[in-house]
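K.L.:
Quick one: sequence plus predicted model below, questions after.
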Amino acid sequence: MSKDLRNYKLVIWRQASPQEKGGFEQYQVDGISPDTSFLEMLDILNDRLIKQNIRPIEFDSDCREGICGACGCLVNGQAHGPRQKATTCQIYMRSFENGDTITVEPWRAKAFPVIRDLVVDRSSFDRIISAGGYISVKSAKHADANAMLIPKPDADQAFDYATCIGCGACVAACPNASASLFTGAKISQFTLMPQGRVEREKRVERMVDQMDREGFGGCTNIGECEASCPKGISISAIATMKAEYLKAALSGRTESNASDGAM
Amino acid sequence: MKLDSKIPGGPIAQKWETYRSEMKLVNPANKRKFNVIVVGTGLAGASAAASMAELGYNVQSFCIQDSPRRAHSIAAQGGINAAKNYANDGDSVWRLFYDTVKGGDFRAREANVYRLAELSTSIIDQCVAQGVPFAREYSGELANRSFGGAQVSRTFYARGQTGQQLLLGAYSALMRQVDTGKVKLYERREMLDLVLVDGKARGIIARNLVTGALERYAADAVVLATGGYGRVYFLSTNAFNSNATASWRCYKRGAAFANPCFTQIHPTCIPVAGDHQSKLTLMSESLRNDGRVWVPLKKEDCKKDPSSIAEADRDYYLERRYPSFGNLVPRDVASRAAKAVCDEGRGVGPSGLAVYLDFRDAIKRDGRQVVSEKYGNLFEMYEHITGESPFETPMRIFPAIHYTMGGLWVDYNLMSNIPGLHVLGEANFSDHGANRLGASALMQGLADGYFVIPYTIGNYFASYPLPKVSVDHPEFAMAEAQSRDQISRLARVGANGKTTVMEYYRQLGLIMWEHVGMARNQSGLKKAISQIQQLKQEYWENVKIPTETETHNKNLEVALRVADFMELGELMATDALERNESCGGHFREESQTPEGEAKRDDQNFAHVAAWEYKGEGQKPALHKEPLQFENVHLAQRSYK
Amino acid sequence: MLTVRKALTSTVGRKFIMGASGLLLVGFLFVHIATNLLLYAKTGESFNAAVARLWSLGSLVYLLELGLAALFASHIVVAITLKRGHREARPDSYRMSVSKGTVHNNPASRNMAVTGIILLVFLILHILQFRFGPGISEGYSVVINGKTERDLYRVVTEAFKNPIYVALYVAVMLFLGSHLRHGFWSAFQSLGVLAPRISKVIYALGFCLAFVLAAAFLFIPIWIYFDLGAGL
């Protein structure tokens, strides 16, 4: 426990509603212990603002341990702040020097409209998953789990892609606001697993379609998504998505020409 | 109030099978005529919504987060139990059942627990079919590990993120149904009330957290899967938004609240660092498989660098006190042992409220590579928060509130005493008794959602006449008006109050941790009750909140939840006071053995304590559901 | 239905076109530099002979030119549509934007559009200057194997006696190097052929290739301007 308390100047995006024009406001936050997390610092600031009858800063956060994916903002121009492989809630004030000015902005993308201050609407991600980010099995009796062997390297790699928390940092950090890493990670997870290969063509077709429909940009292979991903998901996911997409296009086995059988 | 557990007859191993075969069914063509509301999208809620939609019911699914994928199940680290016996180490459905009943200190219903153990194997098959990337051996088979409290390796895991992977599996099943149109998703909605029509649960009032609007939803049944109430302690391992409001409002509408005092303290959390802290971070219990828990033998060594303390000066107190289970004793036992050594003044770290969890020997035995493969992300997480690497220096851990075994009372069908109101997962009380075993929460959530509710909901629909109800029914208007009143009352107080919600929330947490925490006694509990009553009164006169009600207002959301937490906290203390025995996570100082171990009182307390709301300011009524143990014989737990 | 046509109009498909056309254009650059290396020779004989051999292919040359034009056109048109999409995807820009540290986020990758436009303008000038520059009728002729051919060597060497052209060409070749540095690797990524392990190899290869090609083109004007071949 450190006794040296620090002072910061915050420059934060304030926007009361989606319709209103937002702008940056400045706040002085004094007496912050370096063991305080970045979001706890915002909590402290908010309590002070409330007492001064100033509207507190709205931001999303939930688990506060880097797994739920709820939090996220640009801190000093970096998605989730200065630390690699961390979410905003995992940033501690010891990462900032006493007297620093900290600029805080919401994720910005057409597909992530701002709701209020730092809160954005990321339901476009849900719609991408809804388009095909699953294996279509029912809740029912299935073959014994060990009836299907999956090589450990494949299972491990599938897991690496499956760790995506859907926070949106990839979109926020991408100069094109592309959701390729998010979409590619889910496609890659299922491509590596035999269960997932059954529906691979339909999945990639629909998910890429949905991604484009939501208004995300395309990928220009800048790699900023990978660097900003709190789970360190590799952009090889994007290459896999592209390969899967082209294979699907050439295979002729996609959604509308596959027979659904008798119903 | 009549509590009928509806446990089917017959030998325990056949109860579920027989009952399932005899249940009433809904004709496939009629299923589309039934609407179900599912509140919560964690393991239980998402799996229930997806499974019921697959069957053909129309499901409306609600979550408070911006996406169903963020439900707090996502944070579960360690694993999920299943009686697969893949390790060939003698596991069986019976053994899992036995361990769970015994681990729960004989305060759970045998029939429910047996069903849970039985369904555990189907869950793993289900999840693998869904593409959940479980850990595997080089052979390509699923890997298992042993987990706190178990002597067999029956825990399936996905590195340290099992909850995440299972939840994403259930979430993807849910999103598939959203795509088919059978599930309608309502994100950023908080359930504020249950609407009863003719005594049956027929809808909810939800607040749209973006617009602040109160919305009415009607259905033929309501399924509550809103998780536990650990945030009543303010500091806990639960997510910031986890809350008890939905359960609490159902309680106030007549649903019985069972065993509210049964809370679980998790032994391996990162210790508290300061007043600013908003939550505690759990380090998976799986760490106890390879890490050894110790404190210095001598008080004067406590502030020393741990690596400089000689082997002979270390007290591996769990291995010493419990030679056969060692570091793997159940959570409640491990937590109390940590408290005991810290009370003796042998705690470590700046606050003296921590013990070491040391991987030195595991690293020496298996190598850094192996340890890193098993616990890499947990070590990383620890280092992120504390700035210390567990590869170099032992972790410091301390118990923290983690799970609540208590919850709304349900029968064998997972239906509460209010017809139509079903409660799943952590929100109900049913399967873990007074203490939950590690890796059993995920199992219960998914068993309830994938394999119990899809059957029992049909039985409900086929058994009761359910005339159509619309949201224009006066009961909806009344419930909505009550919620509106409460919100405007808060906003009125909030305009001129002096103390913020967070300040009150912390105060409540301190009272709860101090008196209704790891060890409880009569005078402390009485004190807690009066302190909470006082705090509550002050809260409603002096809380300061931003007053905008018709928009996104996080503080208002929290203020509503804290108001409920205060009432629930009082009920927890009341229940703890009433239960004058030690069992599982509930340790009454008045009831212990000479060695300081928990002492149960089966004569007087082998029952479920179900509380009935009697109105504002009235003492709730206690109803007892006696527990019969026909298969596992009541015995004092011993992990020596 | 996912037809090839639909696939090629999605963001993923359009990047496929970018990658494929880009790689083919890199192939063209290799053919181009192979001939241009002859400019490093002491006299223009071998260079002019190579040019004459090319033209001896007759109408096939026009076909090749047409194909090349199509490659350029698709690369450019698709790039414009993609860029527009990227802009629309983020209508409000950040006040502050700082990289979190990846080798792929560099001035080369961020400015593909800028270097692309520069290369396009250059391409037009370059074609006007040499492809449609002075020919036999303007007296730039040379006799090879008894036939009168265009003395392109003279056209080039005269041009590069002008310091402005030299500076311009050198500068543009630096942009070409920059464009290729990101483009070569990026094409493979867009074609979906990059496993994490080969990714690094391709990126390194792309860097070498960009360096070699740019350097080879870049030194031609310098070589000619300073008449460095004279000392050989």
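P.N.:
Structure received.

K.L.:
remind me which residues of the stretch 101-250 of chain A are low pLDDT?
P.N.:
Within the stretch 101-250 of chain A, no stretch falls below the threshold (pLDDT under 70).

K.L.:
Could I get the phi/psi values of residue B:621?
P.N.:
phi -90, psi 140 (degrees, to the nearest 10).

K.L.:
measure it to residue B:609 for me?
P.N.:
Separation of residue B:621 from residue B:609 (Cβ to Cβ, to the nearest Å): 11 Å. Every residue, glycine included, has its C-beta placed from N, CA and C.

K.L.:
which ones are touching the closest residue to residue C:123 other than its chain neighbours?
P.N.:
The shortest distance from residue C:123 to any residue other than its chain neighbours is 7.1 Å, reached at residue C:72 (Cβ to Cβ, 6 or more residues apart in numbering or on different chains). Contact analysis of residue C:72 by Cβ atoms under 8 Å, 6 or more residues apart in numbering or on different chains lists C:21, C:25, C:123.

K.L.:
State the pLDDT value of residue C:72.
P.N.:
According to the prediction, residue C:72 has pLDDT 97.

K.L.:
how far away is it from chain A?
P.N.:
19 Å (Cβ to the nearest Cβ, to the nearest Å).

K.L.:
my read is that residue is in a helix, agree?
P.N.:
Yes. Counting by DSSP: H, G, I helix; E, B strand; the rest coil, residue C:72 falls inside a helix.

K.L.:
ok, residue B:621 and residue B:609, which is more surrounded?
P.N.:
The residue with more neighbours, out of residue B:621 and residue B:609, is residue B:609; 25 against 12, by other Cβ atoms under 10 Å in any protein chain shown.

K.L.:
Grab the CA positions of the strand or helix carrying the more buried one and hand them over as CSV.
P.N.:
Residue B:609 belongs to strand B:607-612 when assigned by DSSP states H and E. Extracted in CSV, the C-alpha atoms of strand B:607-612 (Å, rounded to 0.1, in the frame of the first residue of the first chain):
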residue,chain,number,x,y,z
HIS,B,607,-34.2,-28.2,7.5
VAL,B,608,-34.5,-25.6,4.8
ALA,B,609,-35.4,-22.2,6.3
ALA,B,610,-37.8,-20.5,3.9
TRP,B,611,-38.8,-17.0,4.7
GLU,B,612,-42.0,-15.4,3.8
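
K.L.:
For that strand, give me every contacting residue.
P.N.:
B:1, B:3, B:107, B:109, B:251, B:254, B:256-260, B:409, B:417, B:429, B:571, B:574-575, B:578-579, B:620-627.

K.L.:
Tell me which of the residues you listed fall in strands.
P.N.:
B:257-258, B:621-626 (DSSP state E).

K.L.:
picking that back up, can you list which of the contacts of residue C:72 are found in strands?
P.N.:
Among the contacts of residue C:72, no member falls in strands (DSSP E).

K.L.:
Helices of the chain, start to end?
P.N.:
Using chain A here. In chain A, the segments counted as helices under DSSP state H are A:38-51, A:123-130, A:152-162, A:169-173, A:180-191, A:194-197, A:200-213, A:224-228, A:236-251.

K.L.:
The chain in question should be chain C.
P.N.:
Counting by DSSP H, the helices of chain C are C:4-9, C:11-36, C:45-55, C:59-89, C:107-110, C:112-126, C:152-159, C:163-191, C:196-225.

K.L.:
List the buried residues in the last one.
P.N.:
Burial within helix C:196-225, assessed by neighbour count using 16 or more other Cβ atoms under 10 Å in any protein chain shown, is assigned to C:199, C:202-203, C:206-207, C:209-210, C:213-214, C:216-218, C:220-221, C:223-225.

K.L.:
Cool, thanks, signing off.
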